[in-house]
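Asks: Build the 3D model from these lines:
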Amino acid sequence: MRPIEEQTILVTGTTSGLGQELAQALAQQGASLLVHARDADRGPGLVRKIKEATGNHRIQFYRADLSSLAEVGELARQVISDVARLDVLVMPTKMVLEAGWQTMSSVEEGLKATLRLVVDPALENVTGEYFDGLSLAKAKAQAYDKQAQQRLAALSQKLVSL
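Replies: Predicted coordinates for the structure are as follows:
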């Protein structure tokens, strides 16, 4: 695994919560950071805040609405044109219980788990695995169902016109 100071990492959803905390922590460790948010007005302030707090000036802001495939494509084109190599893409999401929409873990717990996945050399060659916090875990049974996988692939291709 390349040292964190030699990595370029894109973190989405960085204007609040886990995304913001993760961006700050990775910048503190010296990563070249690409921060994403949907809100163009909050991006420059976020970048300034992280630079001031960490002394890391290798931070760029990208705006895109990830619910729009066109904007996702444009974000990808911008990143490809701006950086020679993208080492890690982190897309933190809010973790909620299906029944009550309650937070399953704190931002601090999510930060610890996500940082481990990004920087732990012991996980360098681990791919395609599912983690629950800090532990390797099994996904729900449907994730391993070949027919469900094929239906999802077909639907995804149809939706993105591939």
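Asks: Going by C-alpha atoms from here, please, whenever you check contacts or count neighbours.
Replies: Will do.
Asks: Spatially central residue in the protein, please.
Replies: residue 90 (1.7 Å; CA atoms, centre = their mean).
Asks: which non-adjacent residue is nearest that one?
Replies: Distance criterion CA to CA, 6 or more residues apart in numbering; nearest residue to residue 90, sequence neighbours excluded, is residue 11 at 4.8 Å.
Asks: for residue 51, same thing?
Replies: Using CA to CA, 6+ apart and skipping residues adjacent in sequence, the residue nearest residue 51 is residue 57, 5.5 Å away.
Asks: Could you check how far that neighbour is from residue 11?
Replies: Distance, residue 57 to residue 11, by CA to CA, to the nearest Å: 16 Å.
Asks: For the lowest-mean-pLDDT helix or strand in the chain, which helices and strands make contact with it?
Replies: The weakest-scoring helix or strand in the chain, judged by mean pLDDT, DSSP states H and E, is strand 130-132 (a mean of 83). Contact analysis of strand 130-132 by 3 or more CA pairs under 8 Å, 6 or more residues apart in numbering; DSSP states H and E lists strand 135-137 as its packing neighbours.
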